[in-house]
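> Fold the following, please.
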Amino acid sequence: MTDSWTLTGGVRYTEEEKDFYAGQAYLAGHDIGEGRNFPDYADLQKKWDDTSIKFGVSYQVNDDALAYYSYTEGFHSGGFYAVVQQTKHMRRNQYDPEFSESHELGIKSFLFDRRVQLNAAYFINDYAGKQEESTQVDPETKTVAAFWSNVAVAEYEGFEIDIQVLVNEYLRVFANYGTLDASYQGFFTDINASDGITKIESADFLTPRFAPEESWGIGGTLSVPVGSGTVDVFAKYNRIGEQETDLLNSDLARAPETENLTASIGYYTDSWSITAYGTNLTDEQFEVVDPIMPLFAIGTINEGRKFGVELTYEF
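The predicted structure is shown next:
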């Protein structure tokens with residue numbers, strides 16, 4: 001628009017089609033038979049389309065600083081939910097697309113004769129028709145059942161900042177920090193599905209999954225010329241806050257605050273390199289449990305300490 005102002009716009013058209021074919025399930029294996037001759041099948045097909053836009057404006061404050069704002073729309077198609085026993089429920093349990101609107105306001109800058117790079121951003125992501133599996137009232141049986149559906153509106157709001165500093169010609173260090181506040185609006189479910197009482201109530205107080213309140217990290221790279229190449233020593237430490245992994249925020253399924261230390265040392269030339277590395281050097285191990293109410297649960301454990309050597313050659 002001018003030497004300082006830049007306007008960006010975009011339009012995206014998406015069309016998705018899904019086909020679903022499944023037979024009715026039985027409680028006993030002998031009822032299925034070798035030929036799996038089910039008495040009824042669900043043969044479904046559905047198509048969704050969406051036109052989404054992107055808009056952005058940036059202002060070049062000076063040669064070393066850029067301020068910007070962006071608005072972006074997103075689309076995630078609907079689908080079918082088959083964790084049911086009867087084909088009539090397969091036909092009924094179809095869910096709609098999920099839509100998002102994302103706002104970001106930030107600045108990218110160089111400071112102190114371009115030896116420091118500082119970036120900061122504030123963002124809000126709004127989701128309409130958030131797709132989740134939850135316990136709802138079955139309109140036919142008037143009992144509770146599990147559904148994959150569009151449960152609510154969800155909002156993710158946060159702030160991120162990262163900084164890189166060129167200490168000298170050999171050493172570069174960096175740090176980053178982020179906060180996140182996630183919440184539901186209009187979410188109703190049976191909060192305690194294992195108590196034998198059917199009670200659908202507001203669950204807006206729950207925290208969406210995989211949304212830690214804060215995370216941060218520090219690290220750096222030391223590069224020293226040796227022969228025809230360089231020796232690079234890299235290290236990074238990051239910490240991620242406690243986060244929910246279960247829709248109903250079960251204490252068993254809550255992932256604890258975690259830390260991760262990664263380091264490597266390598267020799268790099270224009271055509272080949274060799275690197276020794278280690279991940280999760282503090283050997284931080286934790287289990288995330290997925291309750292299957294009322295009697296069972298499954299769990300996963302993160303990967304422990306790992307070492308490796310990597311050789312690369314470019315022809």
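
> Now do the contacts for His76.
His76 is in contact with Pro97, Glu98, Phe99, Ser100, Gln131, counting by Cβ atoms under 8 Å, 6 or more residues apart in numbering. Where C-beta positions appear, they are placed from N, C-alpha and C, glycine not excepted.

> Test for you: state the pLDDT assigned to the third one.
pLDDT for Phe99: 96.

> for Pro208, same thing?
93.

> tell me which element it falls in.
Assigned by DSSP states H and E, Pro208 belongs to neither a helix nor a strand.

> That one reaches Ala182, doesn't it?
Yes: Pro208 is in contact with Ala182 according to Cβ atoms under 8 Å; the separation is 4.4 Å.

> got any residues that touch both of those two?
Ala154, Tyr156.

> what about Glu155, which SS state?
With DSSP: H, G, I helix; E, B strand; the rest coil as the basis, Glu155 sits in strand.

> pretty sure it contacts Ile124?
Yes: under the criterion of Cβ under 8 Å, Glu155 makes contact with Ile124 at 6.8 Å.

> can you tell me the helix or strand for the residue lying closest to Tyr13 once chain neighbours are set aside?
Nearest non-adjacent residue to Tyr13, counting by Cβ to Cβ, 6 or more residues apart in numbering: Thr51, 5.2 Å away. Using DSSP H and E, Thr51 sits in strand 41-62.

> Mind listing the strands that strand pairs with, and their directions?
With DSSP bridges as the test, strand 41-62 is paired with strand 5-23 (antiparallel), strand 65-76 (antiparallel).

> and the longest one, what's its mean pLDDT?
Rounded to a whole number, the mean pLDDT of strand 5-23 is 94.

> Extract the CA atoms of it and return them as PDB.
Included here for strand 5-23 are C-alpha records, laid out as PDB according to Å, rounded to 0.1, in the frame of the first residue of the first chain:
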ATOM      1  CA  TRP A   5       2.100  -0.600   5.000                       C
ATOM      2  CA  THR A   6       1.500  -4.000   3.500                       C
ATOM      3  CA  LEU A   7      -1.900  -5.600   3.100                       C
ATOM      4  CA  THR A   8      -2.300  -9.400   2.600                       C
ATOM      5  CA  GLY A   9      -5.500 -11.200   1.600                       C
ATOM      6  CA  GLY A  10      -6.500 -14.700   0.600                       C
ATOM      7  CA  VAL A  11      -9.400 -17.000  -0.100                       C
ATOM      8  CA  ARG A  12      -9.400 -20.800   0.100                       C
ATOM      9  CA  TYR A  13     -12.100 -23.200  -1.000                       C
ATOM     10  CA  THR A  14     -12.200 -26.700   0.500                       C
ATOM     11  CA  GLU A  15     -14.400 -29.600  -0.500                       C
ATOM     12  CA  GLU A  16     -14.200 -32.900   1.400                       C
ATOM     13  CA  GLU A  17     -16.100 -36.200   0.800                       C
ATOM     14  CA  LYS A  18     -16.200 -39.200   3.200                       C
ATOM     15  CA  ASP A  19     -17.600 -42.700   2.600                       C
ATOM     16  CA  PHE A  20     -18.600 -44.900   5.500                       C
ATOM     17  CA  TYR A  21     -19.500 -48.600   5.300                       C
ATOM     18  CA  ALA A  22     -20.000 -50.900   8.300                       C
ATOM     19  CA  GLY A  23     -22.000 -53.900   9.500                       C
END
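
> Fine by me, we can end here.
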